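>>> structure for this input, please:
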Amino acid sequence: MNPADSHATAIEAHRPSLENLAYRMLGSWADAQDIAQESLLKWHALAESARSSIREPLAWLHTVASRLSLDRLKSAQRRRESYVGPWLPEPLITTDHTPADSASIDDSITIALLHAMEQLTPTERAAFILHDVFDYPFQSVASILEKEPATCRQLAARARKALRSQRPKSPVDPDSHQRLLAAFLQAASEGDARSLESLLATDAILYSDGGAKAKAVRKPLRSRELIVRLHLGLARKAQKSGQQKTARFTQLNNQPAALVYTDGHLDTVFSIEIQDAKIQTLFMQRNPDKLRLLQARLPN
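Numbering: from 1, shown residues only. Predicted structure coming up:
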């Protein structure tokens with residue numbers, strides 16, 4: 001391998017890191033891949049003399065990816081203001097990471113935290129991700145965001161405070177997490193109101209993303225009673241129509257999740273957040289565009 005090819009291979013090795021950064025910024029894997037590709041193209045467009053003067057190529061690429069993500073996030077937030085119903089992040093498969101990758105996949109990638117990040121300003125989100133997730137010092141964050149270090153420190157602190165309620169108080173082991181999710185789906189399919197109530201926190205919340213292309217609850221359901229009533233109605237409808245529903249468990253966004261198929265067709269992805277051994281938040285992804293992108297990446 002000649003030196004030019006070796007260098008190109010080394011730069012390409014940074015693609016996963018760029019995708020991980022952009023996905024946390026945007027909540028969309030398709031957009032994250034675009035950002036990574038554009039960042040790498042900008043690197044290759046540099047003159048050889050300019051590239052050779054860059055001491056830390058990954059830091060340079062992260063700067064480009066962060067700025068591209070900020071621009072796209074600002075336009076995405078404007079579009080999401082007219083989105084029909086709740087907007088949820090695109091589910092991401094995290095079952096095939098190597099042990100080295102796993103160290104960087106923390107709770108910053110969960111559906112709950114990505115959803116909560118939608119309430120932040122783009123610069124708050126960027127400062128939090130760059131400092132708290134990617135361990136950049138505030139001096140470097142300031143350079144990337146073109147702001148003062150003290151301002152970036154304040155941005156990250158505001159983000160941290162806003163997100164504190166979404167960070168798990170105590171970790172839930174994956175087996176317990178999946179058992180609770182499976183028990184909920186079993187009770188829902190059987191129309192078992194008592195079991196559903198026992199599994200949900202009294203102030204449980206349900207978010208359902210249909211993207212105006214699939215039936216979904218247009219507003220968050222903010223009580224256990226409303227969530228139970230919804231699933232009892234869905235169970236009656238399925239039984240009446242003779243639909244065959246099956247669930248397949250996998251790991252999405254570094255947590256157990258369920259892929260629910262109706263007559264062999266993937267129509268819903270269920271994710272949950274747990275507090276005090278109860279389901280606190282339930283996320284139902286039903287947007288067919290996001291499910292199609294997910295299904296294309298699922299192993300056979």
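>>> going forward, measure contacts between C-alpha atoms and count neighbours the same way
Noted.
>>> and the residue nearest to the spatial centre of the chain, how far is that from residue 231?
Among the residues of the chain, residue 111 comes closest to the average C-alpha position under Cα atoms, centre = their mean, at 4.3 Å. Residue 111 sits 21 Å away from residue 231, going by Cα to Cα, to the nearest Å.
>>> what of residue 206?
Counting by Cα to Cα, the separation of residue 206 from residue 231 is 11 Å.
>>> likewise residue 62?
When distances are taken as Cα to Cα, residue 62 and residue 231 turn out to be 43 Å apart.
>>> buried residues, stretch 35-42. List them.
Taking 16 or more other Cα atoms under 10 Å as the neighbour-count basis, stretch 35-42 is seen to contain the buried residues 35, 36, 37, 38, 39, 40.
>>> tell me the secondary structure for the first one?
Residue 35 falls in the helix class when you classify it by DSSP: H, G, I helix; E, B strand; the rest coil.
>>> these two touch, right, it and residue 70?
No: under the contact definition of Cα atoms under 8 Å, residue 35 does not touch residue 70, with a separation of 10.5 Å.
>>> check the offset of stretch 82-90 from the chain's centre.
Averaged C-alpha coordinates place stretch 82-90 at 13 Å from its chain's average position (Cα atoms, centre = their mean, to the nearest Å).
>>> show me what counts as buried in it.
Counting neighbours by 16+ other Cα under 10 Å, one finds that the buried residues in stretch 82-90 are 84, 85, 86, 87, 88, 89, 90.
>>> dump the buried residues of stretch 35-42 to CSV, plus distance to residue 268 and pLDDT.
Shown next, in CSV, are these (distance: Cα to Cα, whole Å; pLDDT from 0 to 100):
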residue, distance to residue 268, pLDDT
35, 27, 98
36, 28, 98
37, 30, 97
38, 32, 98
39, 33, 98
40, 34, 97
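>>> of all the residues you listed, which two lie farthest apart?
Distance extremes for the buried residues of stretch 35-42: the farthest pair is 35 and 40 at 8.6 Å, using Cα to Cα.
>>> may I ask which helix or strand of the protein has the lowest mean pLDDT?
Using mean pLDDT, DSSP states H and E, the weakest-scoring helix or strand in the chain turns out to be helix 99-102, at a mean of 39.
>>> next structured bit after that helix?
Later in the chain than helix 99-102, the nearest helix or strand by DSSP states H and E is helix 111-117.
>>> which residues are in contact with that following helix?
Contacts to helix 111-117, defined as Cα atoms under 8 Å, 6 or more residues apart in numbering, come from residues 24, 27, 87-89, 91, 107-108, 125, 163, 166-167, 253, 271, 273, 283.
>>> put the alpha carbons of that helix into PDB.
The C-alpha trace of helix 111-117 is given here as PDB (Å, rounded to 0.1, in the frame of the first residue of the first chain):
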ATOM      1  CA  ILE A 111     -34.200   7.300  22.700                       C
ATOM      2  CA  ALA A 112     -35.200   9.000  25.900                       C
ATOM      3  CA  LEU A 113     -32.200  11.300  26.000                       C
ATOM      4  CA  LEU A 114     -32.200  12.000  22.300                       C
ATOM      5  CA  HIS A 115     -35.900  12.900  22.600                       C
ATOM      6  CA  ALA A 116     -35.200  15.200  25.500                       C
ATOM      7  CA  MET A 117     -32.400  16.900  23.600                       C
END
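>>> can you give me the mean pLDDT across it?
For helix 111-117, the mean pLDDT works out to 94.
>>> starting at the chain centroid, how far to whatever helix or strand comes next after that helix?
Using DSSP H and E, the helix or strand that follows helix 111-117 towards the C-terminus is helix 122-128. Between the centre of helix 122-128 and the centre of its chain there are 16 Å (Cα atoms, centre = their mean).
>>> and the helix or strand that helix 122-128 is followed by, what does it pack onto?
Past helix 122-128, further along toward the C-terminus, the next helix or strand under DSSP H and E is helix 138-145. The criterion is 3 or more Cα pairs under 8 Å, 6 or more residues apart in numbering; DSSP states H and E, and the helices and strands that helix 138-145 contacts are helix 57-80, helix 122-128, helix 149-163.
>>> mean neighbour count, distance to residue 221 and mean pLDDT added to those, as CSV?
CSV is the format used below for the helices and strands packed on helix 138-145 (neighbours: other Cα atoms under 10 Å; distance: least, Cα to Cα, whole Å; pLDDT from 0 to 100):
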stretch, mean neighbour count, distance to residue 221, mean pLDDT
helix 57-80, 18, 19, 93
helix 122-128, 24, 26, 97
helix 149-163, 18, 20, 97
